[in-house]
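**Student:** Next one to model:
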Amino acid sequence: MKKIIIKGKVQGVFFRKFVYDNASSLDLKGYVKNLNNGDVEVVAKGSEENIKKLIELCRKGPSGASVYDVIVNNIENEEFENFEIRY
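**Tutor:** The predicted model follows:
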C-alpha cells in the first residue's frame, strides 16, 4: 500500500476527480483528498503494477494541473472497500 503526495498546482483543477476516475479503472482501493497546505494526498491499495500506473498518471495530472513533485511512501496495510474522494 502506498501513500502518494502530489505537490504543485493540484487543487481547483479537478485533480481529485482525475485520481478517482483512474484509480477506479485500475481497480485500486483507498482515497484521495486535498490537504490544507495545497497538496493532494492519495492512499492506494492494489496490484503493484496498477499503483505504478497511477503514480505515473499523478505525475502528469489533468489539464490545468502543474505537478512539480510526487512523493511516494510505503504505509501499513489498511482495509478499504472501494476508492473514494474524501473531503
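**Student:** hang on, K17 is in a helix, isn't it?
**Tutor:** Yes: the assignment for K17 (DSSP: H, G, I helix; E, B strand; the rest coil) places it in a helix.
**Student:** Tell me which helix or strand the closest residue in space to it that isn't next to it in sequence sits in.
**Tutor:** Nearest residue to K17 in three dimensions, chain neighbours excluded: I85, at 7.3 Å (Cβ to Cβ, 6 or more residues apart in numbering). Every C-beta, even on glycine, is put in place using the N, C-alpha and C of the backbone. Assigned by DSSP states H and E, I85 belongs to strand 83-86.
**Student:** re earlier: got a list of what the residue nearest to K17 touches?
**Tutor:** Counting by Cβ atoms under 8 Å, 6 or more residues apart in numbering, I85 makes contact with R16, K17, Y20, Y31, V32, K33.
**Student:** hang on, the fourth one is in a helix, isn't it?
**Tutor:** No: counting by three-state DSSP, Y31 is not part of a helix but strand.
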